[in-house]
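In: Fold the following, please.
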Amino acid sequence: MNEKIVIVGGCGHVGLPLGIVLAECQRTEVTLLDIDGEKVTRVNAGSMPFLEDGAAPALKRVIGKTLSATTDGAALAQAHVVISVVGTPVDKYLNPTVKELYESVDQLLSQMQQDSLLILRSTVYPGVTKLVYDRIFRLKRNIHLAFCPERIAEGKALEELKKLPQIIAAFEHEAECRSKKLFLKFAPEVISLSPLEAELAKLFSNSWRYLNFAISNQFYILAQRYGLDFYRIHEAATKDYPRMRGFAKAGFAAGPCLLKDTLQLAAFSGNNFFMGHAAMLINEGLPNFIVEQLQPLGLSEKRVAILGMAFKAESDDIRDSLSFKLRKLLEVHCQTVLCTDPYVCDSSFVSIEEAISRSEIIVLGAPHSCYRELKFDPRKVLVDVWNFWPQAHSTRLELSPVKAAHKALMTS
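Out: The predicted structure follows:
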């Protein structure tokens, strides 16, 4: 008999790659349950609703065979395993809220069959798995619970699902065994933790990355304030020196996970996560620093272009993109702000050709590979935090108006 799996929130960046990988396994039938009818229609037609390396051909191989998508919650009643990718969001006060997760879980529990397995897959606030477990017990449902956090990078999901160890956690032996069996269908290894350990392992991973980016961004800001090229220093510090191998480049630390998970860890610590708070100020403040650097150029009379509005390279995902924060800041100070991105559909965006030709200042927001060979008029000011065009740094930006203005201020 085939194992029937339902993934709740299954047409999104976490659920759909997992659904495809599971649908490729033997003796599995996967249903993607989602409230977005447009995405469901696209997926059932064999079309990916977002960019993901290798996903388009993989989807076509399994859709309509071992994979389907639906908006009908009745699929839950037939499932042996239900995987929820509904996480813990952060509210407008930057505090984690579990209301949406609880509402989703309650709905799932009311429709799932007895002796089925519920797996929480998205990041949750520490202790939430225990609260859900207690909720199941109070409702007197014979439903097994596990927490198995996703750890993929957007764009690399299909590759990483099959290469990375999977963390699994449960309060009971049967839930642990069934979760192991499920993930070993495609993963090379599983690692067992307690639920609270697994919740913190996920938050630690994202916060660690966020803190590392903050260190580099802080160093970048420090170097720039003194009119120095951060990347000349970075190259010298890292070249053939193993203890600096983890020294990241500067750039926008954005997206739907890193800041949110750092905020959750800060809340869990009772707001005693001082390194996390500092990282937030640095990373979220990088767009402000860019605008500050440009102020001596007389922004009120300048047209500025932002190349790349997605939160990272080769992505169409704009969630929590710092390019949009930069746009809002520049719109206060500049004559015109022109935005462009080859992967993001937005009626307010212009073509890359128009953005470059009409602007005096060009800021790289997301380093998409299609920008690599762009050529710029040397009279334009180029702001490249990422060091995406290192030749431009070495030949022109050392004497750019931005650095010249700061050097003049330093020596006055």
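
In: contacts, neighbours, all on C-alpha from now
Out: Noted.

In: Dig out what I63 forms beta bridges with.
Out: L67 (DSSP bridges).

In: dump the residue contacts of it.
Out: By C-alpha atoms under 8 Å, 6 or more residues apart in numbering, I63 lies in contact with V43, N44, A45, G46.

In: Quick one, which of the residues you listed are buried?
Out: By neighbour count, with 16 or more other C-alpha atoms under 10 Å, the contacts of I63 hold V43, N44, G46 as buried.

In: any idea what sits nearest the last one, other than its immediate chain neighbours?
Out: Beyond its immediate neighbours in the sequence, the residue positioned closest to G46 (C-alpha to C-alpha, 6 or more residues apart in numbering) is K60, lying 5.1 Å away.

In: what helices or strands is the helix or strand harbouring the one you found leaning on?
Out: Assigned by DSSP states H and E, K60 falls within helix 55-62. Here helix 55-62 touches helix 15-23, going by 3 or more C-alpha pairs under 8 Å, 6 or more residues apart in numbering; DSSP states H and E.

In: for the helix it packs on, what is the average pLDDT?
Out: For helix 15-23, the mean pLDDT works out to 98.

In: Buried residues, that helix. List them.
Out: Buried residues in helix 15-23 (16+ other C-alpha under 10 Å): G15, L16, P17, L18, G19, I20, V21, L22, A23.

In: Could you do stretch 151-162 as well?
Out: For stretch 151-162, by 16+ other C-alpha under 10 Å, it's R151, I152, E154, G155, A157, L158, E159, L161, K162.

In: In space, what's closest to the last one - neighbours in sequence excluded?
Out: With sequence-adjacent residues excluded and distances taken as C-alpha to C-alpha, 6+ apart, K162 is closest to A187, at 4.9 Å.

In: contacting residues for that neighbour?
Out: Here A187 is in contact with L161, K162, K163, L164, P165, Q166 (criterion: C-alpha under 8 Å, 6+ apart).

In: did I read that right, it in a helix?
Out: No: A187: not assigned to a helix; according to DSSP: H, G, I helix; E, B strand; the rest coil it is coil.

In: Phi and psi next, for it.
Out: phi -90, psi 150 (degrees, to the nearest 10).

In: what's the distance between it and A198?
Out: For A187, the distance to A198 equals 17 Å [C-alpha to C-alpha, to the nearest Å].

In: Show me what counts as buried in the host helix or strand of M275.
Out: Element membership of M275, judged by DSSP H and E, is helix 274-294. Across helix 274-294, burial judged by 16+ other C-alpha under 10 Å covers 276, 279-280, 282-287, 289-291, 293-294.

In: wait, which of those residues is closest to Y343?
Out: Proximity of the buried residues of helix 274-294 to Y343 (C-alpha to C-alpha) peaks at P287, which lies at 21.5 Å.
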